[in-house]
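Q: show me the folded form of this:
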Amino acid sequence: MKTDPRDVLRRLDDLRAADAPTHGGHVLSYVYDSGLAELDELAAAAMRAVQSVNGLDPTTFTSVAVMEREVVGFARELLGGDENVVGTVTSGGTESCLLAVKTARDVWRAANPETSVAPRLVAPVTVHAAFRKAAHYFGLRLDLADVDPATGAVAASALSERLGPDVALVVVSAPSYPFAGLDPVAEVAAACAAAGVACHVDACIGGWVLPFWPDAAHLAPWDFRVPGVSSISADVHKFGYAPKGASVLLQRGRDRQRAQYFATTGWPGYPVVNPTMLGSKSAGPLAAAWAIIQALGHEGFEQRAFSCARSTAALAETIGAIEGLRVVGAPVGPLLAVATDEAVDAARRVDPHHWADQARAAGWYLQQQPGLAQADGTRLPRTTHLTITPVTERVLGDLSAALVRAADDVRGVPPVSAESVLGALPAELLGELTRADAPPLDAQSAFAVLTRIGLVGEEGAGAQPERMAPFLALIEALPHALTERLLTELLARAVEPR
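A: All right, here's what the predicted structure looks like:
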């Protein structure tokens, strides 16, 4: 039966009411609110103008070619590139990272046609998970360097000592997402250039804000002005304030960038030439990104960056004054990672996951990150991540007060123990699940485990726990392969038809 369009939109409004708020500064991850309502309206109008356009073929829809050319040109200037730097607008940071790795693999293969050895991808353990996905998809061996557990920083030597003829790509971050550290790009890129190895800078989160940062001139060099940098990814849907999903991948050298393409005329249909993973694709995010760049220009981006910088400094000061918490390392850009301050007495410490849960109960959404054991036996601390956007400045007083209150409420509460989380599982089942040679769980078995520990209801719906700290403790306690399987089942069940 036909449904009135007004009823459809009313139901959509009802569904959206259950989402975390995307505007107003209460969500400090995932969303990048410029604070300018007119930008949202401009983006929506631009997307609607190209709603029926297929971005697959810029020779048929020539507006796509013009908009992409201008977005890439702006990004190239922003990131210190010359006329030899060319690029592509992609569907997001993950696609940009995938394409950077695919390009490096294909260039390496062309230079090593006689070998059947899979090339290596070298990076710090803090590199974005998209590069793990890329290595998995494209058959590279992932070689990760440990970082300083106190600061999250990687030493340049930890990466350069891994260089060799089987390395297709080294990846460094500007900055890293987990701890907001600016990796030693210049030192690593110099070592890569000497060894004839490509170096990619993942600036997905920093690429559209660091160039405008108040002390940008004093940051260690990280963009195309650094010799040896082969490619850079930078997301326009982060601090470029475009709707999801829009990113830019820039490559130094036309021949290198052409290796990014897939082309075939070996079928009876139209010639297929794709610079990205997608074929047919919406032109909407591209049009929105283009429109926002036109509207803001350098001055507009700089104003927003300065706002982020003021709020970031204020929040770092607030958190630094909270007994029991510490800001990790030397964050660069509008990001902070917060950990327990182990220097104070245990009774005065604040667990960052309890802190984030308490803040969430008051309407502030912070992003919890689990601790991680590194290959050398050191352990990266459990942390809570904050991404600061221009709109944060409007709510800074309320946010700061809420963070202080949340810490006061949970100070001295011990971290959730793995034993308490796993207590819902019988010992024999837990032993079976964690055996080194345990077979992969099938869907029903994984669902049964999720049900037993309370992460799904009897109907199979994904149940968002009121407190996420126990869930993060579970991730820390169980083997990665097992938690990854359980999380896969959790998300898959959430979208299954009922």
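
Q: what is the burial count for residue 106?
A: 18 (other Cβ atoms under 10 Å). C-betas here are computed from N, CA, C, even on glycine.

Q: residue 87 belongs to a helix, doesn't it?
A: No - in this structure, residue 87 is strand, not part of a helix, as judged by DSSP: H, G, I helix; E, B strand; the rest coil.

Q: distance of the closest residue to it other than its chain neighbours from residue 85?
A: Closest residue in space to residue 87, ignoring its immediate chain neighbours: residue 250 at 3.8 Å, by Cβ to Cβ, 6 or more residues apart in numbering. Applying Cβ to Cβ, to the nearest Å, the value for residue 250 to residue 85 is 5 Å.

Q: and what of residue 391?
A: Taking Cβ to Cβ as the measure, residue 391 falls 32 Å from residue 85.

Q: who's more crowded, residue 250 and residue 85?
A: Applying other Cβ under 10 Å to residue 250 and residue 85 shows that residue 250 carries more neighbours, namely 29 against 24.

Q: quick one on the thing from earlier: helix, strand, or coil at the residue nearest to residue 87?
A: On the three-state scheme (three-state DSSP), residue 250 is labelled strand.

Q: which residues of the stretch 351-498 of the chain fall in strands?
A: For the stretch 351-498 of the chain, the strands defined by DSSP state E, counting those that start in this stretch cover 367-369, 372-373, 379-380, 383-387.

Q: same for the longest one, what does it pack against?
A: In terms of contacts (3 or more Cβ pairs under 8 Å, 6 or more residues apart in numbering; DSSP states H and E), strand 383-387 is packed against strand 335-340, helix 352-361, strand 367-369.

Q: just want the angle from that strand to helix 352-361.
A: Strand 383-387 and helix 352-361 meet at an angle of 50 degrees, taking axes from the mean of the first three to the mean of the last three Cα atoms, to 10 degrees as the criterion.

Q: tell me which strands strand 383-387 pairs with, and in which orientation.
A: When pairing is defined by DSSP bridges, strand 383-387 lines up against strand 335-340 (antiparallel), strand 367-369 (antiparallel).

Q: so which of those strands comes closest to residue 9?
A: strand 367-369 (30.5 Å; Cβ to Cβ).

Q: who's in contact with that closest one?
A: The contact list for strand 367-369 (Cβ atoms under 8 Å, 6 or more residues apart in numbering) reads 28-30, 178, 337, 352-353, 356-357, 382-387, 468-469, 472.

Q: ranking the strands paired with strand 383-387 by burial, who's on top?
A: When those are scored by mean count of other Cβ atoms under 10 Å, the highest mean neighbour count falls to strand 335-340 (a mean of 24).

Q: using PDB, write down the CA coordinates of that strand.
A: The C-alpha coordinates for strand 335-340 follow below in PDB (Å, rounded to 0.1, in the frame of the first residue of the first chain):
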ATOM      1  CA  LEU A 335      42.300  16.200  19.200                       C
ATOM      2  CA  LEU A 336      43.000  15.000  22.700                       C
ATOM      3  CA  ALA A 337      43.500  11.500  24.300                       C
ATOM      4  CA  VAL A 338      43.000  11.200  28.000                       C
ATOM      5  CA  ALA A 339      44.300   8.500  30.300                       C
ATOM      6  CA  THR A 340      44.500   7.700  34.000                       C
END
